[in-house]
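Participant: here is my input; please provide its structure:
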Amino acid sequence: MRKPLLYLGTLCVLLSTLCVPALAAGPSVSAASAVLMDAESGRLLYALDENTPRPIASTTKLMTALVAAECLEDLNQTVTIRREWTGIEGTSLYLRPGEQLRAQTLLYGLLLHSGNDAAVALAGFCAGDVETFVDWMNQRARDLGMIHTHFSDPNGLGDENHYASALDMARLAAACLQNDTVAQIVATKTITLEGRSLTNHNKLLWRYEGCTGMKTGYTRQAGRTLVSSASREGQALICVTLNDGSDWADHAALLDYGFETYPRRVLAQQGEVLGKVPVAGSLLRSLTAAARDTVAYPLQEGEQVTREIDLPRRIQAPVQEGEIAGTVRFLLEGREIGRSYLVWTGTARRDVTGDGAGLAPLAYLQTIGEQEGE
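Facilitator: Numbering: from 1, shown residues only. Predicted coordinates for the structure are as follows:
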């Protein structure tokens, strides 16, 4: 068993979430807190009291599953159930002392059937004891920038010290989508493993086109909590509602709103040529530079993105295809919303003598859709 790795890079997601223009008006919902987020960019598309810490019930198990999946080296390894992992109140897999199950079965039982005993068993198996595992959960929350979150158990039955905000849960959901194991499990409708037939409690998997997960929850204190995700035409959205008596309808309305109002727009396609630079010292007179990565962002109608390209005015041979040539940045109302390196699309050998003069960098702005010569 290995202790989960700590992750960096949260600041970039946090900044892209906070530094965006004001949100457009969205549908009215019954939730005390709600968030709709674009999973790829982290852009908030809808927010209602998103930073208030609230009880989150069994949506807690998304963090339990994420930490366990990152900890487990082999999902087929056998877990022998200890007595202290059994008899947990609430929804249960009815684990028996001494029973042997694969870790995979416990993960599916955790996320589909919402087994509280499965959560405790995974925590104890991964960390040796539940308390240490909960410490790992809180550390992982800090890694993800979940600044309004604290866990006191792995199943969500917790006390007043167990809470999260809707925005924090959206960040957690984004991390779950990036984990292949967790993403596959939360998207599963039904499965039979080791004699147990498990059906996902998330009705949106049947009711909403493109739904890809994630997790339901309910306690008297928390009310109904729901984290969902859906994907259409290459765009993935995450929706979170806390204390929402109409969560199925609200999630469908919010997801529809997101796909219709903020469609994913490709700002640069991988391999797309974005610049041309003269070459000195080579029989090849110029080289083009292309985006190394695809850059996309959800945009509502009327939003204009500016493209900032940074390339040298001239380059000196030799130059190798694939080498970094410069950068392209995309700005929305002056705020960076995406970037990519530019790479040379060809190779220039050094064929003639050149002095390399005139290599000052070239930076310029373009509005997306602007044509040369206009």
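Participant: hey, what's Ala236 bridged with?
Facilitator: Ala236 forms beta bridges with Ser231, as assigned by DSSP bridges.
Participant: cool, the one 5 residues further on as well?
Facilitator: The residues paired with Thr241 through beta bridges, assigned by DSSP bridges, are Ala34, Leu226.
Participant: what's around it, how many residues?
Facilitator: Thr241 has 30 neighbours, counted by other CB atoms under 10 Å. All C-beta spots, glycine's among them, are computed from the backbone N, C-alpha and C.
Participant: pLDDT at it, what is it?
Facilitator: Looking at Thr241, its pLDDT is 98.
Participant: hmm, it is touching Ala170, no?
Facilitator: No - counting by CB atoms under 8 Å, Ala170 is not a contact partner of Thr241; they are 10.7 Å apart.
Participant: point out where the protein drops to low pLDDT.
Facilitator: For the chain, residues meeting the criterion pLDDT under 70 lie at 1-24, 353-374.
Participant: element containing the residue nearest the centre of it, please.
Facilitator: By CA atoms, centre = their mean, the chain has its centre lying nearest to Ala174, at 2.3 Å. Per DSSP states H and E: Ala174 is located in helix 166-178.
Participant: using CSV, write down the CA coordinates of that helix.
Facilitator: Output in CSV follows, covering the C-alpha atoms of helix 166-178 (Å, rounded to 0.1, in the frame of the first residue of the first chain):
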residue,chain,number,x,y,z
ALA,A,166,-20.6,23.5,-3.2
LEU,A,167,-17.6,24.9,-5.0
ASP,A,168,-15.2,22.6,-3.1
MET,A,169,-17.3,19.6,-4.1
ALA,A,170,-17.2,20.7,-7.7
ARG,A,171,-13.4,20.8,-7.4
LEU,A,172,-13.4,17.3,-5.9
ALA,A,173,-15.7,16.1,-8.7
ALA,A,174,-13.3,17.4,-11.4
ALA,A,175,-10.4,15.5,-9.7
CYS,A,176,-12.6,12.3,-9.7
LEU,A,177,-13.2,12.7,-13.5
GLN,A,178,-9.5,12.8,-14.0
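Participant: list the buried residues for it?
Facilitator: Using 16 or more other CB atoms under 10 Å as the test for burial, helix 166-178 gives Ala166, Leu167, Asp168, Met169, Ala170, Arg171, Leu172, Ala173, Ala174, Ala175, Cys176, Leu177.
Participant: export those residues as TSV, with columns for distance to Leu36.
Facilitator: As requested, these are arranged in TSV below (distance: CB to CB, whole Å):
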residue	distance to Leu36
Ala166	10
Leu167	11
Asp168	15
Met169	12
Ala170	8
Arg171	13
Leu172	15
Ala173	11
Ala174	12
Ala175	17
Cys176	16
Leu177	15
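Participant: for Phe133, state which of those is nearest.
Facilitator: Phe133 has its nearest neighbour among the buried residues of helix 166-178 in Leu172, at 15.9 Å by CB to CB.
Participant: contacting residues for the closest one?
Facilitator: Leu62, Met63, Leu66, Ala141, Leu144, Met146, Ala164, Val227 (CB atoms under 8 Å, 6 or more residues apart in numbering).
Participant: now Cys211
Facilitator: Taking CB under 8 Å, 6+ apart, we find Cys211 in contact with Asn202, Leu204, Leu205, Ser228, Ser229, Ala230.
Participant: do I have it right that the second one meets Ala249?
Facilitator: Right, Leu204. No - using CB under 8 Å, Leu204 is not in contact with Ala249; the gap is 10.4 Å.
Participant: quick one: secondary structure of Ala249?
Facilitator: Put simply, Ala249 is helix when judged by DSSP: H, G, I helix; E, B strand; the rest coil.
Participant: quick thing: my sequence starts at 872, can you match it?
Facilitator: That works, and once the first residue is 872, the last one we named lands at Ala1120.
Participant: count the residues that sit near it.
Facilitator: 14.
Participant: what's the distance between it and Pro926?
Facilitator: 22 Å (CB to CB, to the nearest Å).
Participant: Val938 now?
Facilitator: Separation of Val938 from Pro926 (CB to CB): 20 Å.
Participant: so for those two, which residue has more residues nearby?
Facilitator: Taking neighbours as other CB under 10 Å, Val938 and Pro926 compare with Val938 leading, 26 against 22.
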